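Student: the sequence and its predicted three-dimensional model are supplied below.
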Amino acid sequence: MDSVTPDAAPRPRAYVRVKGPDAVDYLDRMLSNDVPAEGSADALLLTAKARVVAPLLVWRRGDDDVLLLTEPELGDVVRAHLARMRFAARCEIELEEHTSTVVFGDGDGIPNRDYARAAVEVLDAAIGATLGDDDLERLRIEAGTPRFGRELDDRVLPAEAGLDERAISFTKGCFPGQEPVARQHYRGKVNRRLRVLDVEGETPAPETAIVHDGKDVGRVTSAVPGLALAYVRVSVPEDAVLEAGGATARLRPEAGTLASSPRP
């Protein structure tokens, strides 16, 4: 039987190496999730007020060797932020050069949870692409995965983007932003959440207002034909008919929208 070639697409990235005797201990004090004993985990680098500096895929390459994968525009930001806070920690923090390809299916590589389909991220491999940027963007939006610069900016808290289960540990030691994150998690509820919308009509542009019964109840952050991501107030009924510019939109059910990252 002929083997089936899995779908694959290039994934633009920046890469930051943190290596040395104190690398894991230092990152555990800086990131929102535990550095895994092996394998990978999702995490956030946060400000003291719990605003997102960078989303990270944390890959444990060795006992004292961790590679942080982030968005292509954030490599220098992550490196500089970690270097500035390092103080006496014995570790080097440097950029590395790699290429990433997302390969769908259960294969060898770094697990990637961005697309609501089983996938791995393979570094520095000559793998032919079967999907383009638009295909990958549609899969991201369908999965409800936030992207830095679209869904994640200084206006957004991690819980609003659905990242509290995926990228934050509520049992680990202290890290920047832990207090407001924990306070929100244990004492309060968010007023809005990132939702996937089915859209009929013209594709709305980012920042298009979401309207229900004549009231502004949210904003679009990303969209492709027939589909959008938007921050929508939690008070909006699940069966509401919404307006997004010249289009009609409806909420998709939340269950299964964003895959949770297993705790290390």
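Tutor: Looks like it arrived, so ask away.
Student: A129 contacts R11, correct?
Tutor: No. The pair A129 / R11 is not scored as a contact, 10.3 Å apart, by Cβ atoms under 8 Å. All C-beta spots, glycine's among them, are computed from the backbone N, C-alpha and C.
Student: between those two, point out the one with more neighbours.
Tutor: Counted by other Cβ atoms under 10 Å, A129 and R11 do not tie: R11 has more neighbours, with 19 against 14.
Student: about what we covered before: any residues in contact with both of A129 and R11?
Tutor: T101 (Cβ atoms under 8 Å, 6 or more residues apart in numbering).
Student: can you give me the helices in the stretch 51-200 of the chain?
Tutor: 75-84, 133-143, 164-167, 178-187 (DSSP state H, counting those that start in this stretch).
Student: show me where pLDDT drops low in the stretch 101-250 of the chain?
Tutor: For the stretch 101-250 of the chain, no stretch is flagged by pLDDT under 70.
Student: mind listing the strands for it?
Tutor: Using DSSP state E, counting those that start in this stretch, the strands of the stretch 101-250 of the chain run over 110-111, 119-123, 192-200, 209-212, 215-224, 227-233, 241-244, 247-251.
Student: can I get those strands in TSV with distance to K172 and mean neighbour count?
Tutor: Shown next, in TSV, are these (distance: least, Cβ to Cβ, whole Å; neighbours: other Cβ atoms under 10 Å):
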stretch	distance to K172	mean neighbour count
strand 110-111	20	18
strand 119-123	24	20
strand 192-200	24	20
strand 209-212	35	19
strand 215-224	29	19
strand 227-233	27	23
strand 241-244	38	19
strand 247-251	33	19
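Student: and of the ones you listed, who's closest to N33?
Tutor: In terms of Cβ to Cβ, the element of the strands of the stretch 101-250 of the chain nearest to N33 is strand 110-111, at 14.0 Å.
Student: adjacent strands (with direction) for the closest one?
Tutor: The pairing partners recorded for strand 110-111 under DSSP bridges are strand 119-123 (antiparallel).
Student: returning to that earlier point: and among the helices of the stretch 51-200 of the chain, the most buried is which?
Tutor: helix 164-167 (a mean of 20; mean count of other Cβ atoms under 10 Å).
Student: what packs against it?
Tutor: If contacts are counted by 3 or more Cβ pairs under 8 Å, 6 or more residues apart in numbering; DSSP states H and E, helix 164-167 sits against strand 39-46.
Student: try it again at 10 Å.
Tutor: Where contact means 3 or more Cβ pairs under 10 Å, 6 or more residues apart in numbering; DSSP states H and E, helix 164-167 is packed against strand 39-46, strand 52-62, helix 178-187.
Student: next, the angle from the longest one to strand 39-46.
Tutor: Calculated by axes from the mean of the first three to the mean of the last three Cα atoms, to 10 degrees, strand 52-62 forms an angle of 150 degrees with strand 39-46.
Student: not counting residues beside it along the chain, what's closest to G109?
Tutor: Computed as Cβ to Cβ, 6 or more residues apart in numbering, the closest residue to G109 that is not its neighbour in sequence is V120, at 3.0 Å.
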